[in-house]
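Engineer: Provided below for reference: sequence and predicted model.
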Amino acid sequence: MDRLAARWNVSPSRVLIILLVFACTGFTVMFLKRPIVAWATGEGEPRVWFSVLYYVLILPFYNLVLLVYGALLGQFQFFWAFEKRFFGRLFNRR
């Protein structure tokens, strides 16, 4: 806990809230996957193109949900900075 607090430059109590935001976001994305796959593929097995498309589109959705949960739990500034760093690394911008 202290290592994360030092790494993120936040208090240990904020670390718990930040970890809760990550947990809620992951659960939400996992919870929504089954209905989305069932809607898109019917009762059959998802095709390869759908799997690729799903994983490409889940990234922006995950990040949007992360910002929403961060805002709801009062950590929007932290997660906004986190998103900027993440996409900066992803697209190799500094």
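Structural biologist: Yep, that arrived. Numbers count the residues shown, from 1 in each chain.

Engineer: Report the central residue of this structure.
Structural biologist: Centroid-nearest residue in the chain: Y62, 3.7 Å away (criterion: C-alpha atoms, centre = their mean).

Engineer: Surely that one touches F27?
Structural biologist: No. Here Y62 does not reach F27: they are 11.5 Å apart, not a contact under C-beta atoms under 8 Å. Glycine gets a C-beta too; all of them are placed from N, C-alpha and C.

Engineer: What is the one helix or strand the residue nearest to the centre of the chain maps to packed up against?
Structural biologist: Assigned by DSSP states H and E, Y62 belongs to helix 48-72. Contact here means 3 or more C-beta pairs under 8 Å, 6 or more residues apart in numbering; DSSP states H and E; on that basis helix 48-72 packs against helix 12-41, helix 76-90.

Engineer: Just send those helices back as TSV, with mean neighbour count and mean pLDDT too.
Structural biologist: Output for these, formatted as TSV (neighbours: other C-beta atoms under 10 Å; pLDDT from 0 to 100):
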stretch	mean neighbour count	mean pLDDT
helix 12-41	14	91
helix 76-90	13	90
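
Engineer: got a markdown table for the ones you listed, with distance to G70 too?
Structural biologist: Below are those laid out as a markdown table (distance: least, C-beta to C-beta, whole Å):
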| stretch | distance to G70 |
| --- | --- |
| helix 12-41 | 5 |
| helix 76-90 | 3 |
